[in-house]
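Trainee: Sharing a sequence plus its predicted fold:
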Amino acid sequence: MPPTPDLVLGVDIGTTATKAVAFGTDGADHGHGEAAHRLDEPEPGAAVQDPEALWEAVGDAVRDAVADLDPARVAAVAFSSAMHGLLALDAGGDPIGPLITWADTRASGVARELRTRPGALALHRRTGTPVHPMSPMVKLAWLRRERPSLHAAAHTWGGVKEFVLARATGARVADTSLNSGTGLLDVALGTWDPEALDLAGITADALGEPVASTAVIGRLRVRDWGLPAGVSVVAGGGDGPLANLGVGAVRPGVAACSIGTSGALRVTVERPAVDPRGRVFCYGLADERWVVGGAITNGGLVLDWARETLHRDVDDLLELAGAVPAGADGLLALPHLLAERAPHWDIGGAGALVGLHRRHGAGHVTRALLEGVCLQLRLVLDSMREAGLEVHEVRATGGFARSPLWRRLLTDALGLPVGFPTVDQGSAFGAALLGMQGVGLLPPGPDGLVDAAERIPMGETLHPGPDAAVYAARLPLFEQVHDVLGDVTAALER
């Protein structure tokens, strides 16, 4: 007899790689694959990707994940993808031009104008998405002005996941999780926001049909992924919200933190809300669940920059940084190598090394940069608390967690216990959990997802140590440097 389908393939289309993992309901990894892809910068401010290369990466990752499995065990494929991407599609569903990623800053001028309009904060609070160059709504407004022929040529708009789902199944849909990060959706009402659509210069007909994140949108019709044609395909969601689900941060007070190329801190809530000052975002997870928090642009990329600039490998830099005391011997880094996001949602800005002396070397610079990333996340945490959200525990995942030093820095900077789940592909597992519920492997409703997510086993849990006091004292200086240097860096940019 053929085996009973008991696995769901979670596919996470990230910024620098696509990962596919065959998960059981207990979170066990039964096979995984990964395929890297490029982020291109063809002009200043651009951060784009070739959608056809992304499509190929999805196929490569899926084939590797199921290579040693009986494909009959796979009950469904469910997807996660990076948020805030924008892709123009023609009437046949094929791409027109590249995917404009979250990291693209060419819409900065339009964003500045929109942020000064009356009602900009109200728009942020309705849509849950800051008025920022990362927002697809702002990108659309920029394209309408600066690339009118492309804006007019598009039949529909979406992101990379909408493109992949359409090609894999024929269904042109957009899940409620990714929709909530477009800046076009009223998150409380669950409908497209008329003002946002008007600013973007599009109508609702140009967007995919909204579907629930757990919806089975069709059957797989691709024959070269190593899976049977006809396997169920579940819509899935955005990588940030799904990371909360995938690490079990699904109850009030438990935040998920991820640091990869970028970083984020988010807590799950039962009602959508944005703080009065607009310092946090609010994105959908699944029915009756949202995540509130903030994303930072500069995460692991600061370590890549240090490696390239200081001409040392990463392990060497981390060893040197570990030998430097907390506070980097008086060196403070504002690690804004790219325009930073939460909680200030800077449109310009730049990084800085403050307090630099002859005694400082590569280890000091590296430690100060890593401390700066963690302090930026602490600012996000404090903004979440200002929004009335309780946070007493953090669950962390991402490439940074391979470094014991970076684990310790994050724990001390946040001043909270930080646990590290044994499932290290949180977004892929979050997608798989949505897929499991979509095909009936989990009970329906939000409680079914919550109960499954909370069964994720935890590995190491760290508690704040003596250095937490150093970072608590440094935090006001860190924010002061940001505020004081704002005018200077803006003048230098000009």
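Mentor: Received, thanks. Residues are numbered from 1 along each chain as shown.

Trainee: all strands for the stretch 1-150 of the chain, in order.
Mentor: 7-13, 17-23, 29-36, 48-49, 74-81, 86-89, 95-100 (DSSP state E, counting those that start in this stretch).

Trainee: Turn those strands into a markdown table, including distance to residue 437, mean neighbour count and mean pLDDT.
Mentor: The C-beta positions use only the backbone N, C-alpha and C, and glycine is treated the same way. Shown next, in a markdown table, are the strands of the stretch 1-150 of the chain (distance: least, Cβ to Cβ, whole Å; neighbours: other Cβ atoms under 10 Å; pLDDT from 0 to 100):
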| stretch | distance to residue 437 | mean neighbour count | mean pLDDT |
| --- | --- | --- | --- |
| strand 7-13 | 9 | 31 | 97 |
| strand 17-23 | 13 | 25 | 96 |
| strand 29-36 | 19 | 18 | 95 |
| strand 48-49 | 30 | 24 | 98 |
| strand 74-81 | 9 | 30 | 97 |
| strand 86-89 | 27 | 25 | 98 |
| strand 95-100 | 28 | 20 | 96 |
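
Trainee: Mind checking the ones you listed for the one nearest to residue 244?
Mentor: Proximity to residue 244 (Cβ to Cβ) singles out strand 74-81 among these, at 11.6 Å.

Trainee: Now do that closest one against strand 17-23, angle only.
Mentor: If you take axes from the mean of the first three to the mean of the last three Cα atoms, to 10 degrees, strand 74-81 sits at 150 degrees to strand 17-23.

Trainee: Give me the helices and strands touching strand 74-81, please.
Mentor: strand 7-13, helix 160-169, strand 232-238, helix 239-246, helix 426-438 (3 or more Cβ pairs under 8 Å, 6 or more residues apart in numbering; DSSP states H and E).

Trainee: Scan the helices and strands of this protein for the one with the lowest mean pLDDT.
Mentor: helix 445-453 (a mean of 84; mean pLDDT, DSSP states H and E).

Trainee: What values do phi and psi take at residue 319?
Mentor: phi -70, psi -40 (degrees, to the nearest 10).

Trainee: ah, wrong one, I meant residue 306
Mentor: According to degrees, to the nearest 10, residue 306 has phi -60, psi -40.

Trainee: just residue 296 next, same as before
Mentor: According to degrees, to the nearest 10, residue 296 has phi -110, psi 140.

Trainee: correct me, but it touches residue 383?
Mentor: No: between residue 296 and residue 383 there is no contact under Cβ atoms under 8 Å: 11.6 Å.

Trainee: Mutual contacts of these two, please.
Mentor: residue 342 (Cβ atoms under 8 Å, 6 or more residues apart in numbering).

Trainee: picking up where we left off before, save the strands of the stretch 1-150 of the chain as TSV, and put in distance to residue 412 too.
Mentor: Below are those laid out as TSV (distance: least, Cβ to Cβ, whole Å):
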stretch	distance to residue 412
strand 7-13	29
strand 17-23	29
strand 29-36	30
strand 48-49	36
strand 74-81	30
strand 86-89	38
strand 95-100	37
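
Trainee: Helices of the stretch 101-250 of the chain, residue ranges please.
Mentor: Counting by DSSP state H, counting those that start in this stretch, the stretch 101-250 of the chain has helices at residues 108-115, 120-127, 136-146, 148-153, 160-169, 176-179, 194-200, 239-246.

Trainee: Then the stretch 301-450 of the chain?
Mentor: Assigned by DSSP H, counting those that start in this stretch, the stretch 301-450 of the chain shows helices spanning 301-310, 314-322, 362-386, 404-414, 426-438, 445-453.

Trainee: Break the protein into its domains for me.
Mentor: The record's domain parsing of the chain by automatic domain parsing lists 7-241, 248-422+464-494.

Trainee: Can you tell me which of the strands of the stretch 1-150 of the chain is nearest to residue 238?
Mentor: Set against residue 238 and scored by Cβ to Cβ, those come closest in strand 74-81, at 6.9 Å.

Trainee: Name the nearest residue to the residue most central in space within the chain, ignoring sequence neighbours.
Mentor: Closest residue to the average C-alpha location of the chain: residue 240 at 4.1 Å, with Cα atoms, centre = their mean. Nearest residue to residue 240, sequence neighbours excluded (Cβ to Cβ, 6 or more residues apart in numbering): residue 264, at 5.5 Å.
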